[in-house]
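Asks: Have a look at this prediction, sequence included:
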Amino acid sequence: MDIGGAEKSIEQGFRLSELRKRISSPEDWMRKRWETNIVDGFSRLDNIKIGNPKIEKLKDYAKNLDEKFEYLNKPVGLTAQQAELLMSKIPKEDRDAGFDATILSLRKETNYLDELEEVGISAALLTGLENGKYKAFVLFLAPDSIFTKGMKKKGVMACYFSILDTVVVPQKAPTSEEMWLMLATEGRLPEFVSSLDHELTHDLQWSKGQRAIMLGLSTSQQVSYFSLLQKYGLLVALSVSSAIGILSRRLARKLDNDEMLAEIHAYEASASSPSAMDNPTDKFQIAGHVIHEYELKSRIIEDALRAYDSIHLLRIMGLKDKKLGELVTRARFDEDTRTFPRLEQALIERKNDWGIINDEDFEKVTKALLAQHDMELRFQRHRAQEVATRELRRETGKWFD
Ligand SMILES: [Zn+2]
C-alpha cells in the first residue's frame with residue numbers, strides 16, 4: 001500500500017489514526033492492511049459518471065464493505081480437534097449424507113461453488129467425485145497401474161488428453177469426510193479439487209472439430225475416449241493419444257491451442273475458486289510456473305503475465321469459463337504486440353458492455369473489480385466454513401441432543 005492510497009481511503013470514512021490504535025499484533029496489522037487495500041480499490045468509483053447498471057451494482061457493493069469486514073473478523077469455523085471430535089460422533093454411514101447437506105446448503109446460500117459449477121465438480125461433490133458426470137471422461141487409475149507410478153514420479157496430480165477428451169487421475173478422490181473437515185476448519189477443499197478443476201477447464205478449450213481433425217476423422221464421426229478404448233484398449237488408447245499428440249504438434253500446429261494461454265487460463269480458473277488449495281495461486285506464481293514448467297522457449301514472463309491479465313480481466317468483467325475456453329480455442333499469439341488479438345478484441349467488447357469509453361474509467365472499474373474478486377474469495381471461504389460448521393453441529397445434534 002502506498003501513502004497516497006491510504007490518504008484516499010480516509011475519504012471513505014476509514015481513519016488511519018484510529019486504525020493504528022486498534023492494531024495489536026502482526027496478524028492484525030496484515031488484516032488491516034488488506035482491508036485498507038480493498039477500500040482503496042473502490043475509492044475512485046464515485047468519480048465515474050457512467051450510468052451503467054453494472055457500475056451501479058459495483059458502487060452498491062462498495063457501500064457494504066464494513067459489514068463484510070466485520071463478518072470476516074468473526075471466527076465461524078472449528079479447530080481440527082473440535083471438528084474431528086464432532087465428526088467422531090456421527091455414525092460412519094451417515095457422514096456422506098451430512099456432507100451432501102453441507103454441499104446443498106453451500107449451493108443454495110452462497111456463491112462458494114460457482115467456479116466449480118460449469119465443469120461439473122459442484123454436482124459431483126454430491127455423487128462422490130469418482131462418480132461425477134463431467135463433460136470430459138475422467139479416469140481414476142488404480143494405485144498400482146504403471147501410469148499411476150509414472151505420473152506420481154513426475155509429481156503430476158492429473159493430466160488432460162485433449163484428443164481423447166479424457167482426464168487421467170492417478171489417485172483416489174478425497175472422501176466426503178475429509179472434505180467436510182477441511183471446509184469446517186479452513187473453508188477450503190483438497191488440492192485434488194483444484195487439479196480436477198484445472199484439467200476440466202482444459203476440456204472447455206477444445207472444439208469437437210479440432211479433436212476430429214487431429215484424430216484424422218471427419219467431424220461427423222463420434223470422437224470419444226470410449227470408442228478408442230472399446231476398439232483398442234486403454235494402453236493403446238493412451239499411447240495413440242500421445243503419438244497423435246506429438247504428430248499433431250508437428251504437423252497440425254495450426255489446429256492446436258496455444259499452450260501458454262491454455263495453461264494460464266486453466267491455472268487462473270482454478271485459482272479463482274474460493275475453495276482453491278491451488279499452488280500456484282497468484283499471477284506471478286502462475287506466470288512463472290507456466291513459463292518454466294512447460295519449457296516455452298519463445299515466451300517470456302511478461303507474455304504470460306499479460307495473458308493472465310487479459311483472461312482475469314475478462315473473468316471479473318463477467319465472462320464464464322465456457323466462453324473463456326472458446327476464446328482460448330486456437331487463439332494466436334501476435335509476435336509484434338506480444339498479445340492475443342482475440343482476447344484484446346473480447347476486452348473491447350466487455351468495455352462496451354460496461355459503457356466504458358476511456359482508459360481512466362477502465363482503470364477505476366478494474367481496480368474495483370479486482371478488489372471485489374479478492375474480497376469475495378475470502379468472504380465465500382468464510383461463509384463455507386460457517387455453513388460446514390453449522391451442518392457438522394446439526395448432524396451431531398441429531399445423535400447426541
Ligand atoms: Zn494444464
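Replies: All right, it came through fine.

Asks: ok, the closest residue to the ion within the stretch 1-150 of the chain - contacts?
Replies: Closest residue of the stretch 1-150 of the chain to the ion, C-beta to the ion: residue 136 (12.7 Å). C-beta here means a position set from N, CA and C on the backbone, and glycine is covered the same way. By C-beta atoms under 8 Å, 6 or more residues apart in numbering, residue 136 lies in contact with 160, 165-167, 199-200, 203.

Asks: For stretch 287-303, buried residues please.
Replies: The neighbour-count criterion (16 or more other C-beta atoms under 10 Å) identifies 287, 289-291, 296, 299, 303 as the buried residues of stretch 287-303.

Asks: ok, the residues you listed vs the ion, which is closest?
Replies: Of these, the one sitting nearest to the ion (C-beta to the ion) turns out to be residue 290, at 8.7 Å.

Asks: residues contacting the closest one?
Replies: 260, 263-264, 267, 296, 304.

Asks: swap the cut-off to 6 Å and go again
Replies: Going by C-beta atoms under 6 Å, 6 or more residues apart in numbering, residue 290 touches 260, 263-264, 304.

Asks: Now the helix or strand it falls within - C-alpha only, CSV.
Replies: Assigned by DSSP states H and E, residue 290 belongs to helix 283-293. Extracted C-alpha coordinates of helix 283-293, given in CSV (Å, rounded to 0.1, in the frame of the first residue of the first chain):
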residue,chain,number,x,y,z
LYS,A,283,-0.5,-14.2,-11.0
PHE,A,284,3.3,-14.0,-10.6
GLN,A,285,3.4,-17.6,-9.4
ILE,A,286,1.1,-18.8,-12.2
ALA,A,287,3.0,-16.9,-14.9
GLY,A,288,6.4,-18.1,-13.6
HIS,A,289,5.2,-21.7,-13.3
VAL,A,290,3.8,-21.8,-16.8
ILE,A,291,6.9,-20.3,-18.5
HIS,A,292,9.3,-22.6,-16.6
GLU,A,293,7.5,-25.8,-16.2
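
Asks: By pLDDT, give me the weakest of the contacts of residue 136.
Replies: Least confident by pLDDT among the contacts of residue 136: that is residue 165, with 77.

Asks: Give me the distance between it and residue 352.
Replies: Plainly put, residue 165 is 34 Å away from residue 352 if you go by C-beta to C-beta, to the nearest Å.

Asks: Pipe the contacts of residue 136 into TSV and attach distance to residue 344 per row.
Replies: Below are those laid out as TSV (distance: C-beta to C-beta, whole Å):
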residue	distance to residue 344
160	27
165	29
166	32
167	30
199	27
200	26
203	25
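
Asks: Quick check: helices, which of these are part of them?
Replies: If you go by DSSP state H, the contacts of residue 136 have 199-200, 203 in helices.

Asks: tell me which strands and helices the host helix or strand of residue 379 is in contact with?
Replies: If you go by DSSP H and E, residue 379 is part of helix 359-400. If you count contacts as 3 or more C-beta pairs under 6 Å, 6 or more residues apart in numbering; DSSP states H and E, helix 359-400 packs onto helix 26-42, helix 95-109, helix 176-186.

Asks: switch the cut-off to 8 Å
Replies: Judged by 3 or more C-beta pairs under 8 Å, 6 or more residues apart in numbering; DSSP states H and E, helix 359-400 is in contact with helix 26-42, helix 53-63, helix 65-72, helix 80-88, helix 95-109, helix 176-186, helix 301-316.

Asks: what does the chain have sitting close to the ion?
Replies: Within the chain, the residues that sit near the ion (C-beta under 5 Å from the ion) are 263, 266.

Asks: Per-residue confidence at the residue of the chain found nearest the ion, what does it come out as?
Replies: Proximity of the chain to the ion (C-beta to the ion) peaks at residue 266, 4.5 Å away. Residue 266 carries a pLDDT score of 95 in this model.

Asks: Where does it sit: helix, strand or coil?
Replies: Classification of residue 266 by DSSP: H, G, I helix; E, B strand; the rest coil places it in helix.

Asks: What is the burial count for it?
Replies: If you count neighbours by other C-beta atoms under 10 Å, residue 266 ends up with 27.

Asks: That one contacts residue 195, doesn't it?
Replies: No - using C-beta atoms under 8 Å, residue 266 is not in contact with residue 195; the gap is 10.0 Å.

Asks: List the residues that are in contact with both of these two.
Replies: Common contacts of residue 266 and residue 195, defined by C-beta under 8 Å, 6+ apart, are absent altogether.

Asks: In contact with the spatially closest residue to residue 382 that is not a sequence neighbour, which residues?
Replies: With C-beta to C-beta, 6 or more residues apart in numbering as the criterion, residue 382 has its nearest non-adjacent residue at 5.6 Å, and that residue is residue 72. Shown in contact with residue 72 (C-beta under 8 Å, 6+ apart): 378-379, 382.

Asks: And the spatially most central residue of the chain, what's its pLDDT?
Replies: By C-alpha atoms, centre = their mean, the chain has its centre lying nearest to residue 270, at 2.4 Å. We have a pLDDT of 94 for residue 270.

Asks: Could you tell me the angle between the strand or helix carrying it and helix 301-316?
Replies: Of the helices and strands defined by DSSP H and E, residue 270 is found in helix 259-271. Here helix 259-271 runs at an angle of 50 degrees relative to helix 301-316 (axes from the mean of the first three to the mean of the last three C-alpha atoms, to 10 degrees).

Asks: Could you figure out how far helix 259-271 is turned away from helix 359-400?
Replies: 50 degrees.

Asks: For helix 259-271, name the packing helices and strands.
Replies: Contact partners of helix 259-271 among helices and strands, from 3+ C-beta pairs under 8 Å, 6+ apart: helix 191-203, helix 283-293, helix 301-316, helix 321-328.

Asks: mind saving the C-alpha coords of that helix as CSV?
Replies: What follows is helix 259-271 as a C-alpha-only set of coordinates in CSV (Å, rounded to 0.1, in the frame of the first residue of the first chain):
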residue,chain,number,x,y,z
GLU,A,259,-0.1,-24.0,-24.7
MET,A,260,0.9,-20.9,-22.7
LEU,A,261,-2.5,-19.4,-22.9
ALA,A,262,-4.3,-22.7,-22.3
GLU,A,263,-2.3,-23.3,-19.1
ILE,A,264,-2.6,-19.7,-17.9
HIS,A,265,-6.4,-20.0,-18.3
ALA,A,266,-6.6,-23.3,-16.5
TYR,A,267,-4.5,-22.1,-13.6
GLU,A,268,-6.3,-18.8,-13.4
ALA,A,269,-9.7,-20.6,-13.4
SER,A,270,-8.8,-23.0,-10.5
ALA,A,271,-7.2,-20.2,-8.5
